[in-house]
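J.: sequence first, predicted coordinates after that:
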Amino acid sequence: MATQKKKTAAAGEAGTFPHKHLTSIAPLSAQDINLILDRADRYADQLAGNPAWKADVLYGRTVLIAFFENSTRTRVSFEMAAKKLGADVINLDIDTSSVSKGESLMDTVTTLDAMRPNALIIRHKEYGAPEYIAKHVKCAVVNAGDSWREHPTQALLDALTIRRAKGKIEDLTIAICGDIAHSRVAGSNIALLSKLGAKIRVIAPSFLMPEKFDYQGIETFTSMEDGLPGCDIVMMLRNQKERMDAKSIPDDETFFRRYGLTAQRLALATPGALVMHPGPMNRGVEISDEVADDPKHSLILEQVRLGIPTRMAVLDLLINK
Ligand code: NCD
């Protein structure tokens, strides 16, 4: 039964997924990314036709979720994805775990790994924590966001959202706007969208602009008015005040006046341009209510919806080798 369902989900896909973990976008080839997106696309179709659809491709497997940072959508999305595929899901409650008794991160994860889970999904404030953990455990490790470095499944679900809305990613002009310097969503999206051939623009005030990028051909702008014309997708980001000295950015109203996405500013982009945001949104800071809630332009809830099939694909490909 499980094998049959797996064959159905994988029909028409090329290649196998050669990685044991998903901790960054950097090591993935365009082919690896497309393999995930193709499988996610099929799961998305199945769920669109029947939201109650479930499979047993991960029946008898255990997925452990350990979030050392707050989250709403990402944690719930991983849990729903694993359950849709029939896995047993354990959510580690960090506040009541031995972490609060001073246990080291490494001791916590090696203890969890000794219980033989199939996957560990980790969110942590330390730069590179998921990669460090991946070197010390037997199970697959999925990075659900580390510091300001990477959030690979967010970039994958964003890519799936763009691909389903626009039919392609290659050659689209995509603006990523706001707090680029402290955003792991920007980090993973710049890597992924570069690999898939999008033209990337980054729009940010100079104090939120990284000094350099690891990828070629990224255009930088310090004004929305200069950067938005010609864009097919406008991706907004939250100011990550928890990762900076909050005094280093202007007050929310001043920021909104210069960098907030309003309907008037969106009109500068290509007609039919679509708006994205990974959430949580700060309305009236980086985005107006009018734009966030505009069903003709906003993909924001579609991103949330497509997070589930994207994470289903990732878990399926990593666990079902
Ligand atoms: C982001 C995150 O936690 O990195 N949200 C998310 O996972 N959807 C972005 C943010 O916190 O602003």
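T.: Everything's here; your move.
J.: C-alpha only now, for contacts and for neighbours.
T.: OK.
J.: which other residues reach stretch 41-52?
T.: For stretch 41-52, the external contacting residues (CA atoms under 8 Å, 6 or more residues apart in numbering) are 9, 53, 160, 306, 309, 310, 312, 313.
J.: please disregard the earlier target; I meant stretch 141-149.
T.: Here stretch 141-149 makes contact (CA under 8 Å, 6+ apart) with 20-24, 74, 119-130, 133-134, 150-153, 181-185, 187-188, 243.
J.: about what we covered before: and the two most separated of the contacts of stretch 41-52?
T.: Of all pairs drawn from the contacts of stretch 41-52, the greatest distance, 19.4 Å, lies between 53 and 160 (CA to CA).
J.: more crowded one of the two?
T.: Counted by other CA atoms under 10 Å, residue 53 and residue 160 do not tie: residue 160 has more neighbours, with 28 against 12.
J.: you'd agree the more buried one is in a strand?
T.: No. Using DSSP: H, G, I helix; E, B strand; the rest coil, the assignment for residue 160 is helix, not a strand.
J.: pull the contacting residues for it.
T.: Contact analysis of residue 160 by CA under 8 Å, 6+ apart lists 37, 40, 41, 306, 310.
J.: can we see that at 10 Å?
T.: Residue 160 makes contacts with 34, 36-38, 40-41, 44, 154, 166-169, 302-303, 306-307, 309-310, as judged by CA atoms under 10 Å, 6 or more residues apart in numbering.
J.: where does it land on pLDDT?
T.: We note a pLDDT of 98 for residue 160 in this prediction.
J.: tally of neighbours for residue 139?
T.: Applying other CA under 10 Å, I find that residue 139 has 21 neighbouring residues.
J.: touching, it and residue 22? I think so.
T.: No. Using CA atoms under 10 Å, residue 139 is not in contact with residue 22, being 11.5 Å away.
J.: give the residues shared as contacts by those two.
T.: Joint contacts of residue 139 and residue 22 (CA under 10 Å, 6+ apart) are residue 318.
J.: what residues does the stretch 101-250 of the chain have near the ligand?
T.: By the rule CA under 6 Å from any ligand atom, the part of the stretch 101-250 of the chain lying against the ligand is 145, 184, 185, 238.
J.: and the next helix or strand past the one helix or strand residue 109 maps to?
T.: If you go by DSSP states H and E, residue 109 is part of helix 105-114. Sequence order places strand 119-124 as the next helix or strand after helix 105-114, per DSSP H and E.
J.: burial measure for residue 226, as a count.
T.: Close neighbours of residue 226, defined as other CA under 10 Å, add up to 12.
J.: so it lies in a helix, does it not?
T.: Yes. Counting by three-state DSSP, residue 226 falls inside a helix.
J.: that one contacts residue 202, doesn't it?
T.: No. At 11.0 Å, residue 226 does not count as touching residue 202 under the criterion of CA under 10 Å.
J.: joint contacts of those two?
T.: Common neighbours of residue 226 and residue 202 are listed as residue 220 (criterion: CA under 10 Å, 6+ apart).
J.: identify the residues contacting residue 288.
T.: The neighbours of residue 288, taking CA under 10 Å, 6+ apart as the test, are 256, 260, 261, 262, 263, 281, 282.
J.: residue 49: neighbour count?
T.: Using other CA under 10 Å, residue 49 has 10 other residues around it.
J.: go on, residue 240?
T.: Neighbour count of residue 240, defined by other CA under 10 Å: 17.
J.: can you tell me, leaving aside adjacent residues, what's nearest to it?
T.: Spatial nearest neighbour of residue 240, excluding adjacent residues (CA to CA, 6 or more residues apart in numbering): residue 182 at 6.2 Å.
J.: how many residues are close by the one you found?
T.: By other CA under 10 Å, the residues close to residue 182 number 23.
J.: all helices of the stretch 151-300 of the chain, in order?
T.: Ranges of helices in the stretch 151-300 of the chain, per DSSP state H, counting those that start in this stretch, are 152-166, 184-195, 224-227, 252-259, 263-266, 289-292, 300-319.
J.: quick one: distance of the fourth one to the chain centre.
T.: The offset between the C-alpha centroid of helix 252-259 and the centroid of the whole chain comes to 26 Å, using CA atoms, centre = their mean, to the nearest Å.
J.: residues contacting it, please?
T.: Applying CA under 10 Å, 6+ apart, the contact partners of helix 252-259 are 177-178, 203-205, 222-225, 236, 239, 249-250, 260, 262, 265, 282-288.
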